[in-house]
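A.B. asks: test case, fold it:
(chains A and B)
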Amino acid sequence: MNKNRVEKMENIFVPKSGQRLKTNRYMLFTCIFVLLLFAGLIAYLTYFTIYEASAVITSPYNKRTAALKESVTRGSIVSADGEILAETKKDDEGNEYRYYPYEHVFAHVVGYDSHGKGGLESACNYEMMTSHESLSAQFKHGLTGTKKSGDTICTTLDTRLQEKASDLLSGHRGSIIAIEPKTGKVRAMVSRPDFDPNLLDEEWEDINSEGSSVLLNRAVQGMYPPGSTYKLLTALEYIEENPGTYSDFTYKCKGETIVNSVRIRCYGDVEHGKENLTSAFAHSCNTAFVTIGCGLKLKRFIDLNQRCLFDDKILFDLPVKKSRLGLGPSSKGSDIPQAVIGQGNTLITPFHNALIMCAIANDGILMKPILTDHIESVDGHVVSTTETEKYKKLSHPSDAIILQKLLRAVVTKGTGRALDTEEYTVAGKTGTAENGKEEDHSWFVGYSNVDNPDLVVCVLVENGGAGSEVAAPMAAEIFDAYYENDLDEKYLKPENQGEK
Amino acid sequence: MLNIISIWSNYIFMIMCAIYAISCFTVFLPSSPERQVKRMNRQEFFMFVFHFICYVVLFCKTLDVRVIALYFMQAVFFKLLIFIYGHLYADSSRIMMNHTCFLLLIGFVMLTRLSFDQAVKQFMIVVCCSLGALVVPFIVKKAYWLKRLRWVYGIGGLLLLSTVFIIGTTKNGSTNWISYGSFALQPSEFVKIAFVFFIAAMLDSKADFRRVLITTVFAACHVMVLILEKDLGGALLYFVVYVFMCYAATGRLVYLVGGFAGGAVAARLAYHLFSHVRVRFAAWRDPWSIIESRGYQITQSLFAIGTGGWFGMGLTQGRPEDIPVVSSDFIFAAIAEELGVFFAICLIMIYLGVFIHFLKIALDVEERFYKLVAYGFSICFILQVFLTIGGVTKFIPSTGVTLPLISYGGSSAASTLIIFAIMQGVFMIAYQEDEENE
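C.D. replies: Got it, this is the predicted structure:
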């Protein structure tokens, strides 16, 4: 037995010899290995060149686009209503500089072209440094040695909404976002505190100093507890788990309850009394929602949150921070009561919160959010158009319609009455997010025109207090601005531009 | 005007390089000797036209007469080298000669574009080494005692490799150089020749288990020394060459499988033990998050390749100088940026052509010692190409290996030229054997 094994070992390890040793065959065999390695290398290089290169080279660290500066004048950024948001001008000595007519209003979203670049100035850097001027113009530049003009970025932003939003947040810290749910077009994106990109060089040290968050685009990079706006997802899960019986839900609110040994109070210690799902949602009753939430299936609920883009990378022109769900498969029972009413460890970006509302308003379908509507050459010829496309299905259409009714009741009967007007119809949710020992964060997320959604507005005011008193009235002013100006009919269409 | 010249010339380069690359493989097709000679002549013609156009573009850019002088010196050198070789060794491989010259020539062009001084220095080194290497095929052909010197290769190589611990200097993070004044040498480049000879001599005859074991211990010592010198690319190169040669010599798959399993374990160990391994690995996995520090080099390289695209920016029209150590380890990125990814892929095909030619020699030579030597060099050569190009394109972590015959670096050029000369010698032995058989 033992001897046998030794022989076997010898058979494996002892070199072959004589006729049995076919060295040439072994060499050819390894040659296949080498050829496979190189096939992989060439395939990778081809893939890189076709698919990855164009994204890689737009990095602000690629000095090659900086080198284009010598032959191309950086293109402009314009708003959907045809106003210039950023352009390249020349001073008296002929030196180029970047000019932002709206100063601080578009600071974060349009960004800046120096100090590592930010916003669209960074995201569309390569496009603005590329020229699609007519061949005759390019030939003329070649002959005279003048610079070509880079392409123009036509954004979806509206100066009137943006200015309004910026004014509203003046003196506050926070963010306002407006998105068209049917197209995903971002009409306004404001973050406060802000800065004037024209004066960036002078103020850079202050702005960029440690502890200053002026450069932070709170809309996409700020992380906040969602507070009661999160009840939307809790309600969605409840409806999904109880499709036939959710409307039978009743609860008697005493202003306070203890679930899973956690004490939960309603905001302002109000006793809401006897409620159904609609009224509990309309009054943002914490005790009712904790009771609902603690009866949910944890794993299912986590799946729903992931479907709704928590812990997920949201693809957008600007980098969006991943929202964080405070619940996991191993969460303790005592974590759940806080989590289901949007407190605890869950953090969300205002942009993400707006996108969830977009999906609900659009019957469960989230459209891909876009900032660049199209790109055109300096002589008005359209180079490329961003197609509106479906991004993800967040809920079933029928569930979204149920939620739409709940959201409408918030405005007609509940905490969102600040938005109840004859001019247009709004549905939405307020939120008052506790924030440790500091003053609460004030939230409102909602959309206007209940029958045929036009615009989603998300307002977040840091340490603003009650959502119904601070954020909701601000949202009302944004909707006013939208409908007073009939904005949706006035946007420049790329087709019209092309005909000129 | 200049950019129009360089863009148009780029298309010519691409077409020529593609035809040349195809010819690397078609030469192996059976055909009449006349057609074969015609092929060789055409390759040579392409080479010189390519060389000429490149230097026209370079001259237009720099308007420096020294560039013209360098061009003529190089053209004369190549012509002479081909002529001398052809006459000194009538039965040498002309394909290999053409490949040697073509690769050298691409290297000269890129170096002239990157740094004129480096190009001149490299040219001098190549001239000296090529002339010196002229005797090598003769020695290989005549010296039947070469295979008896196994302990000289093994112990001598190991000692030479270890000299860097005593008189070594650190360059680009690796302590694998020895220098006397302005003269610097990378022993591992030369020891790899001895290393291949050592394994071939050990496993030549009487390859019993004890022999394999001793060889393994020696090979492991080589690799250990290289790891301690932080020369990761070198360590990997030696290791793979050993594993492959061992498999080919013994025919036991266990050495191949066991070797790679052991290699994987060793790689993991090295990852935990050495910070420089972790740094290289991190720079490969996500260079974008550490773009300002460790990821800088590889991302600059990707910018270069990406900006160049399929057709390149045109010679002298890119910014390869942004990439650190572009003229040695990262020269492939400069080639891809200015001459285009298509050209770069053709270049890879030429390297593969050389490999297949080497391998064919290994298959055809009857004597086992030379068979193993030829095989060892073919693996060593192609692996070095793979490690550099893979590292530069972020296909694999960067290991700091040079691109044979193209990268700037005297030791690398010298050792590659010696390897090519040895292969010429082995080629002639294989050829002679055929004649004797006939």
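A.B. asks: looks like B:Arg368 contacts B:Asp204 (just checking).
C.D. replies: Yes - at 5.6 Å, B:Arg368 counts as touching B:Asp204 under the criterion of CB atoms under 8 Å. In this view, the C-beta of every residue, glycine as well, is placed from N, C-alpha and C.
A.B. asks: looking at these two, which is more packed in?
C.D. replies: The neighbour count for B:Arg368 versus B:Asp204, taken as other CB atoms under 10 Å in any protein chain shown, is higher for B:Asp204 (20 against 17).
A.B. asks: quick one: what helix or strand has the closest residue to the more buried one other than its chain neighbours in it?
C.D. replies: Leaving aside its sequence neighbours, B:Asp204 sits nearest to B:Phe369 (CB to CB, 6 or more residues apart in numbering or on different chains; 4.5 Å). For B:Phe369, the element it lies in under DSSP states H and E is helix B:368-392.
A.B. asks: show me what that helix is packed against.
C.D. replies: Under the contact definition 3 or more CB pairs under 8 Å, 6 or more residues apart in numbering or on different chains; DSSP states H and E, helix B:368-392 sits against helix A:23-47, helix B:187-202, helix B:232-250, helix B:296-308, helix B:331-339, helix B:341-364, helix B:410-437.
A.B. asks: so which of those helices comes closest to A:Ser136?
C.D. replies: helix B:296-308 (26.8 Å; CB to CB).
A.B. asks: run through the chain and note the low-pLDDT ranges.
C.D. replies: As the question left the chain open, I've gone with chain A. A:1-3, A:6, A:9-10, A:18-19, A:65-67, A:139, A:142-143, A:145, A:210, A:486-500 (pLDDT under 70).
A.B. asks: oops, wrong one, chain B.
C.D. replies: Residues of chain B meeting the criterion pLDDT under 70: B:1-4, B:170-176, B:180-183, B:206-207, B:433-438.
A.B. asks: taking helix B:331-339 as reference, get the angle to the lengthiest helix in it.
C.D. replies: For chain B, the longest helix by residue count, based on DSSP state H, is helix B:33-62. Counting by axes from the mean of the first three to the mean of the last three CA atoms, to 10 degrees, helix B:33-62 lies at 80 degrees to helix B:331-339.
A.B. asks: pull the contacting residues for A:Val461.
C.D. replies: Residues counted as contacts of A:Val461 (CB atoms under 8 Å, 6 or more residues apart in numbering or on different chains) are A:Leu169, A:His172, A:Arg173, A:Gly174, A:His441, A:Ser442, A:Val470, A:Ala471, A:Met474.
A.B. asks: residue contacts, the third one?
C.D. replies: Neighbour list for A:Arg173: A:Arg192, A:Pro193, A:Arg218, A:Val461, A:Glu462, A:Asn463 [criterion: CB under 8 Å, 6+ apart].
A.B. asks: if you set the cut-off to 10 Å instead, what comes out?
C.D. replies: Counting by CB atoms under 10 Å, 6 or more residues apart in numbering or on different chains, A:Arg173 makes contact with A:191-193, A:213-214, A:218, A:222, A:441, A:460-464.
A.B. asks: by neighbours, which of these wins?
C.D. replies: When neighbours are taken as other CB under 10 Å, the top entry among those is A:Leu460 (37 neighbours).
A.B. asks: thinking again about what came up before, and A:Ile153, which of the helices and strands packed on helix B:368-392 is closest to it?
C.D. replies: Closest among these, using CB to CB: helix B:296-308, at 20.7 Å.
A.B. asks: tell me how far A:Arg417 lies from A:Phe289.
C.D. replies: According to CB to CB, to the nearest Å, A:Arg417 stands 20 Å off from A:Phe289.
A.B. asks: B:Phe50 too?
C.D. replies: Computed as CB to CB, the B:Phe50 to A:Phe289 distance reads 75 Å.
A.B. asks: and the helices and strands packed on helix B:368-392, which is most packed in?
C.D. replies: Ranked by mean neighbour count under mean count of other CB atoms under 10 Å in any protein chain shown, the helices and strands packed on helix B:368-392 are led by helix B:331-339, which reaches a mean of 28.
A.B. asks: which helices and strands sit right next to it?
C.D. replies: Counting contacts by 3 or more CB pairs under 10 Å, 6 or more residues apart in numbering or on different chains; DSSP states H and E, helix B:331-339 is packed against helix B:2-26, helix B:94-114, helix B:296-308, helix B:341-364, helix B:368-392.
A.B. asks: dump the residue contacts of the residue nearest the centre of chain A.
C.D. replies: Among the residues of chain A, the one closest to the centroid is A:Phe351, at 4.3 Å (CA atoms, centre = their mean). For A:Phe351, the contacting residues are A:175, A:177, A:179, A:186, A:189, A:217-222, A:314, A:316, A:318, A:320-321, A:323, A:369, A:458, A:460, by CB under 10 Å, 6+ apart.
A.B. asks: and what of A:Thr183?
C.D. replies: Residues counted as contacts of A:Thr183 (CB under 10 Å, 6+ apart) are A:Thr156, A:Cys358, A:Asn362, A:Met367, A:Lys368, A:Pro369, A:Ile370, A:Asp373, A:Thr386, A:Thr388, A:Glu389, A:Asp488.
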